[in-house]
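>>> Output the structure for:
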Amino acid sequence: MIIFAGIDGAGTFSNSQYQETFANSHVSKLSRGIGLGGERAWIAEPFYHRGPRVFGNDTFPQALKVYNYVVGKLAENPEAKVFLSGYSRGGAAVIAAASWMKHFGYEVDAMFLFDAVDRSVPVSGSTISRNVKQVYHARRDPATKSRESFGNCGCLRENSARTRYELQFFHATHGALGGMPWVPESVPSGQRFIKEANGGLTNVTPVEDRMGSELAWAWMLERVRRECAKLIPTARALSA
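Below is the predicted model:
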């Protein structure tokens, strides 16, 4: 049995607008078990929460919600395995939740990060705690020039011998790594490349962005299936 909890990336204050924009985000799809046989892949009622508001001030309470959900489910099912996933600031939130779990002896079997970013003061997502067994991190290639001021978090491990880490770069924007590639209208007149809102000109075309987003999803989905197969003898059927 698997406990799944995911936090998405930062977005607008409006919940309805956020839900529309992030409806098919990578973290949202994982929470619904897309490509994994549906929600039956996870323990009943998998946890998914929208990402922080624009300024990221609510990253801490979201991390706390993940912690409370997982610990509560483990109390009901002590033998269950724990999967966490996060995109952008949501990545920082699940990293923080995992570090809090460490202090009480709880382990995280796998963490699936989509271009994790730590841009909020209340939590620290810089380092993966030693109670996390496996991390998969899909990141934007620095050569894309996407969100250059953002940097990334979740790149360090407290104990590299205990935590396995697999990283893959993709030629796509920060938005595309979360499952929201930019549309052709994002290209300024006379240009080829995407200009991000409140950002600069990237080195990514809309076609490349969509392709990169699809590749990142396929790469991560394969690794989720791999982790499921380790834990559930019948998990091979989920990939059908």
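
>>> CA atoms for contacts and neighbours, from now on please.
OK.

>>> Would you give the sheet partners of the strand or helix carrying G6, along with the direction of each?
Assigning secondary structure by DSSP states H and E places G6 in strand 2-7. Sheet pairing for strand 2-7, assigned by DSSP bridges, gives strand 47-49 (parallel), strand 81-87 (parallel).

>>> Now mean pLDDT, mean neighbour count and distance to S160 too, for these, in a markdown table please.
Supplementary listing: the strands paired with strand 2-7 in a markdown table, determined by pLDDT from 0 to 100; neighbours: other Cα atoms under 10 Å; distance: least, Cα to Cα, whole Å:
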| stretch | mean pLDDT | mean neighbour count | distance to S160 |
| --- | --- | --- | --- |
| strand 47-49 | 94 | 19 | 28 |
| strand 81-87 | 97 | 27 | 19 |
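
>>> want to throw those into a markdown table with distance to E107?
Formatted as a markdown table, the strands paired with strand 2-7 follow (distance: least, Cα to Cα, whole Å):
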| stretch | distance to E107 |
| --- | --- |
| strand 47-49 | 17 |
| strand 81-87 | 7 |
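
>>> Now do the lengthiest helix in the chain: which elements does it pack against?
Among all segments of the chain classified by DSSP state H, the helix with the greatest residue count is helix 206-231. Helices and strands in packing contact with helix 206-231 are listed as strand 110-114, strand 134-140, strand 164-170, helix 174-177; criterion 3 or more Cα pairs under 8 Å, 6 or more residues apart in numbering; DSSP states H and E.

>>> what mean pLDDT does it have?
In this model, helix 206-231 carries a mean pLDDT of 96.

>>> Also stretch 127-140?
On average, the pLDDT along stretch 127-140 is 97.

>>> what distance separates the start and the end of it?
With Cα to Cα, to the nearest Å as the measure, stretch 127-140 spans 19 Å from end to end.

>>> show me the contacts for P181.
The neighbourhood of P181, defined by Cα atoms under 8 Å, 6 or more residues apart in numbering, consists of A172, T173, G175, P206, D209, R210, S213.

>>> Find me the pLDDT at the nearest residue to the second one once chain neighbours are set aside, would you?
Read that as T173. What sits nearest to T173 in space, not counting adjacent residues and going by Cα to Cα, 6 or more residues apart in numbering, is S146, at 5.2 Å. Here the pLDDT value assigned to S146 is 97.

>>> Could you give the number of residues near S146?
The local packing count at S146 equals 25, with neighbours defined by other Cα atoms under 10 Å.

>>> give the contact list for it.
Applying Cα under 8 Å, 6+ apart, one finds that S146 lies in contact with R140, A172, T173, H174, E196, G200, L201, T202, N203.

>>> The fifth one touches P188, doesn't it?
Pointing back at E196 there. No - counting by Cα atoms under 8 Å, no contact exists between E196 and P188, whose distance comes to 10.1 Å.

>>> The two: which is more packed in?
Just comparing E196 and P188: by other Cα under 10 Å the higher neighbour count belongs to E196, 17 against 12.
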